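Novice: coords please:
(chains A, B, C and D, ligands or ions: 2)
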Amino acid sequence: MRVKLIGIDANQLLEISEKRQLSLNLEEMKAIQSYFSSLGRDPTDVELETFAQTWSEHCVHKTFKGEILTKEGKINNLLKSTIARVTKELNCEWCFSVFEDNAGIVDFEGDIGVAFKVETHNHPSAIEPFGGAATGVGGVIRDILGVWGEPIANTDVLCFGPQDFPYHKLPKGTKHPRFISKYVILGIGAYGNNMGIPTVNGAILFDESYVTNPLVFCGTVGLVPKSKYVRKGKPGDILVLVGGKTGRDGIHGVTFASTELHEEAEETFGTAVQIGDPIEEEKIKRGIIEVRNRQLGSAITDLGGGGLSSAVGELARLFNCGAIVELDKVPLKYPKMSPWEIWVSESQERMLLCVPKENLEEVLEIFSDENVEATPIGEFIRENKLNIYYKGELVGQIDVSFLFNEIKAVRKAVWKERRHPEAKFSMPDDLTLDLLKILSSPNVVSKESVIRTYDHEVKAMTVLKPLQGVYNDAPSDAAVLKPLYNSWKGIVISNGINPEYGKIDPYWMAASAIDEAIRNNVAVGGRRIALLDNFCWGNPEKPENMGGLVRAAQACYDIAKAFETPFISGKDSLYNESSAGPVTPTLLISAIGILPDVRKAVSMDLKEKNSLVYIIGLTFDELGGSHYYKVHGYLGNSVPKVDALRAKIQIDTLIRAMDKGLILSCHDLSEGGLAVAAAEMAIGGNIGLEIDLERVLVRGKLRSDHILFSESNSRFLVEVAEKNKDAFEELFNGCPYSEIGVTTESDELIVYASSRKLISSTIDDLRKAWQGGL
Amino acid sequence: MRDIKFCVLRGPGTNCDIETKVSLEHFRCTAEILHINKLIKGERSLLDYHGLVIPGGFSYGDRVRSGAIMGKTLMKKIGNEIKKFVEEEKPILGICNGFQVLVEAGMLPGFKEEQEVALGTNSSSRFEDRWVYLVNENRGNCIFTRNLKKVLRMPVAHGEGKLILPLGLEEEYLDRLKRNDQIVFRYSYEDGTPALGKYPHNPNGSIFDIAGICDPSGLILGMMPHPERAFHWITYPDWTRKGLKGYGDGYVIFENMVKYVKDNF
Amino acid sequence: MCINMIYEVRISYKPGVQDPEGESTLEGLRALGFEKVEEVRSAKLYVIKSDYDLQQIEEMCKRLLANPISQDYEIREVKQHSSR
Amino acid sequence: MCINMIYEVRISYKPGVQDPEGESTLEGLRALGFEKVEEVRSAKLYVIKSDYDLQQIEEMCKRLLANPISQDYEIREVKQHSSR
Ligand SMILES: Nc1ncnc2c1ncn2[C@@H]1O[C@H](COP(=O)(O)OP(=O)(O)O)[C@@H](O)[C@H]1O
Ligand SMILES: [Mg+2]
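Specialist: Ligands and ions are numbered 1, 2, ... in the order given. A predicted model of the protein is given here:
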């Protein structure tokens, strides 16, 4: 069906964009208009939809790849000039494939590489939490399948509104945070568990800005034999659509993700909602791994945003060829779908394979053995055009080069420094209650009841699990996997995220997230770390949102470069905004490291009585955005900063100490600072601990309560056996560290400052508070 | 000695097949992962194998009830083959979803030829992954647990693992299970005292804390906990405290299964 | 022409058998402020379209849909409609 | 004395929304020899005993039991019985 474009005016162009939910702006509509004018014909609906999909924020990352005007000048391609630049400049030989394919891939052992990707699925989870979260997991798993990877572990980081948010304050059309969290968690568990992929790491955070717009980050790690990673489709190769039938579900998912959420989002984008079928994906996975092992395919990609239109287009561009697609060959759920709907449908559990003709039969047989539908729907051709047919009729014909020559977006960025009221309260006499309050506050409190609903050990590879300690109830810093049956080498997965800091300064939020992800990884022994970024921001068309985004991206460059940790993949989800405003700018950093011998992994629970406890790193008066301020009703301004060069020396030294077997336990200091870290280690080991605050290395003059709860970055608490004192101190010579306490025979955590008791609590009370019993 | 060959049977949604295969093959035998379709279509015969393991997972998505579709399909399509397999006294192990399949297929507890007990939704109504203690209560009937120590530790990870006996006949059934020495594992405390229904030691509310039962012959074992995830100490949740001590508690179960076959075939 | 029947099969727990889903739903409702809910029982429904007769639907229940140990089934004919 | 009401709430996927449970059940039934089953859709039922009124039950559906975007709900009053 043709859509009249030629000769119509600007208003009419916009009207078409709106009516058809294309989310194309005027400039883009005009470009399409003039392209078709030059062809002397109007576009078909199939063609118009193709542009809408391919040019959407979700698919091309308009903002990150466009132009940004700032006071300091113009930034051309933020991604290349910050995040990808780290990788390029570090030029690590162990980075196998970065920023190119569906997931980043780094070397692991021999021919085996590790792929990692983290995605967001925010808008779908806001309106259909179960299905939205489940398909978020399903989608990122397909990213791994899309690099011929075998998925072996999932991660999930969830941001919800406060669980006690008053009903009557809920904006119309918004689901209560409790409803959302309940079903998001069920959805994530259902998909991962059903597919037999362990969910090994994650985080759950709460903030008012997530009430209307929850954030759901889903990540998957997979193994890829590098010699079997093929991307060399060529004219003549057959396009095989694999998996579930195509339906009306998921139509306009990407354009949905590329607009703000509004009240009627439910009605307008109802078709974007899907439930997901993990068993279908499990079967597809089996087939794909078999095709990979027998090396029968020439390329593969997932069908995600934009459906066939994006997948076919992107592959054609990659191989510098064109394609013929016969839409009527696509197996459908409902007989009456129009060609454009088939072309852009985002139905779940589908993959696109390119198969050389001579292998076609064998490939089809593999899928048929798994009860998976596999259908040849077209082939690559030499000419650089997408030719889309329906029942023999040409319903669309697009130049691949024009399709991927999208209009550069231009955004404005304005950064205004913010001042928040300074915290004004004097130090309480007894800080025990403060500690208990922080332990039981939503962001810190134990997530055990959620963690246990995820199978975190299927595949029998998870050697450091999310919960540690005598009673298996203390929070691990990172997960360690031992993915190969004949090797002790491990993969370490961790994350860093702290939106509180973003309220003060997105630059230091990003820096802190990177530091946290890395130190979590190092805390268990991880090294040779690679990073992934995930930006969740408000509408990028608003300069103040962009101001923070630019700052965060710049921090990514500065800090990751100094840590020598390349980014290997990432994603941005913008338009996380509703009439209630944008979400607090949130950057998730995921880190993947390796551990040469998993038997040397270090967990965070105290191991022995009468051993020494050291703090590594410096403590500053950095309580801006801290939990201590939060429980006292303040945000403050003194956000934690990062000195990455110093931090790098510390972590390198710590790793050496671990390899020498000097570290009994190690925990990173983050939300709640020293006090919370000490409490968690005591809970884990069920061992008492005495700490003297006077001995903590600080910069500047700090109140005792500030030393105790400061959230300065790059710090660890470690436990060292008395007999290793000298060896440990010799190694750390030149690094900021200090011995601050001992583990005891008692069952209490006691914190002194100049022989005054500031905290005194039994481990049982700490545990009760941390398990939510306050 | 002839080659020993095990069938690790999978259907759509089975997902613990690889680690199960690895656990068996540790004992120098072949374990082949076989899709149920190959049996249904007659491309393969169960009788070519010396032992059968139905591993964990979510066969057919656990739809209708866990294990139901696979259990019923097996009996309908290759019931005779299975009967023959059992008559040849070959061992069968069902783990987690595999246990559910055996129950739905009527092979456990094996009093009659139809389903007599059920594995229902956990009392907590949640899927749960946690390590539990098990007390081995078998008096020697079950071939899988010979030489096994008294108290073991393994993880459970399931949403439907609560053993339910027919209403009003609970005592009768329990008596019969005890008399036949069919009770194998019960959820317990660290010292081996049965959990007596107490959560989380009994993670699912199973009657009489039952975690695993065998058939009257002792050759068919079904258990909710995962021995393949407790094969090496490195997968234990607290090895960083307790150190590495060779193999885990799941080891002996596979060892016994292979040994039984080696001794008898 | 063939007659297509629609049956609704309802699978519920036998009285006396614990219904964890019902219990947790009850808890959930109470947590939301509906404190005066007394009891919630859950059940499953299958809407089956076929041209089998009642007896065969019953057969389906016995063979697959209901668990004879803990569940009851109830079949209801919804409507009869002809196709083709 | 208080009046206790029993409501049956039925939650089903909207037409067009994927219903994996229904699909596998269909597959299962076919594998058991009921090859002529055409379609199975699944739904959930909650039987709620309380003395709330219809409107409040509807509120329960909206807040917890159903997701209006992908699911339909239907409330049926079963019977009224007095207790105490
Ligand atoms: N904000 C970002 N930061 C880092 N990498 C990015 C970002 N956005 C996209 N990428 C990279 O670009 C490539 C394509 O990503 P994407 O379009 O998200 O793939 P998909 O279609 O599979 O979701 C990936 O390698 C991804 O890592
Ligand atoms: Mg992709």
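
Novice: which of the three states applies to the residue nearest the centre of chain C?
Specialist: To find the centre residue of chain C, average its C-alpha atoms and take the closest one (CA atoms, centre = their mean): that gives C:Arg10, at 1.9 Å. Recorded secondary structure, C:Arg10: strand (DSSP: H, G, I helix; E, B strand; the rest coil).

Novice: please name the bridge partners of it.
Specialist: According to DSSP bridges, the residues that bridge with C:Arg10 are C:Leu45, C:Glu74.

Novice: from chain C, which residue is nearest to ligand 1?
Specialist: Relative to ligand 1, the nearest point of chain C is C:Gly28 (34.5 Å; CB to the nearest ligand atom). Where C-beta positions appear, they are placed from N, C-alpha and C, glycine not excepted.

Novice: contacting residues around that residue?
Specialist: Contacts were defined as CB atoms under 8 Å, 6 or more residues apart in numbering or on different chains; by that measure C:Gly28 touches A:Lys182, D:Leu64.

Novice: that one - that's part of a helix, no?
Specialist: Yes. Following the definition three-state DSSP, C:Gly28 is counted among the residues of a helix.

Novice: and the pLDDT at it?
Specialist: According to the predicted model, the pLDDT of C:Gly28 comes to 90.

Novice: please apply the same query to A:Glu27.
Specialist: Note on A:Glu27: pLDDT of 89.

Novice: now do A:Val273
Specialist: You'll see A:Val273 listed with a pLDDT of 69.

Novice: what sits against the residue in the stretch 151-300 of chain A that chain D sits nearest to?
Specialist: Using CB to the nearest CB, the closest approach of the stretch 151-300 of chain A to chain D is made by A:Asp277 at 4.2 Å. When contacts are counted by CB under 8 Å, 6+ apart, A:Asp277 is found next to A:Gly244, A:Gln348, A:Glu349, B:Gly61, D:Gln18, D:Pro20, D:Glu23.

Novice: contact partners for the nearest residue to B:Glu160 once chain neighbours are set aside?
Specialist: Setting aside the residues directly before and after it, B:Glu160 is nearest to B:Ser66 in space (CB to CB, 6 or more residues apart in numbering or on different chains), at 4.3 Å. With contact taken as CB under 8 Å, 6+ apart, B:Ser66 is in contact with B:Phe58, B:Ser59, B:Asn97, B:Gln100, B:Leu119, B:His158, B:Gly159, B:Glu160.

Novice: filter the residues you listed down to the buried ones.
Specialist: Neighbour counting over these (16 or more other CB atoms under 10 Å in any protein chain shown) leaves B:Phe58, B:Ser59, B:Asn97, B:Gln100, B:Leu119, B:His158, B:Gly159, B:Glu160 as the buried ones.

Novice: mind checking which of those residues are in helices?
Specialist: Judged by DSSP state H, the subset of the buried ones among the contacts of B:Ser66 located in helices is B:Asn97, B:Gln100.

Novice: now, among the buried ones among the contacts of B:Ser66, which is nearest to chain A?
Specialist: Relative to chain A, the closest of the buried ones among the contacts of B:Ser66 is B:Phe58; by CB to the nearest CB it sits at 4.6 Å.
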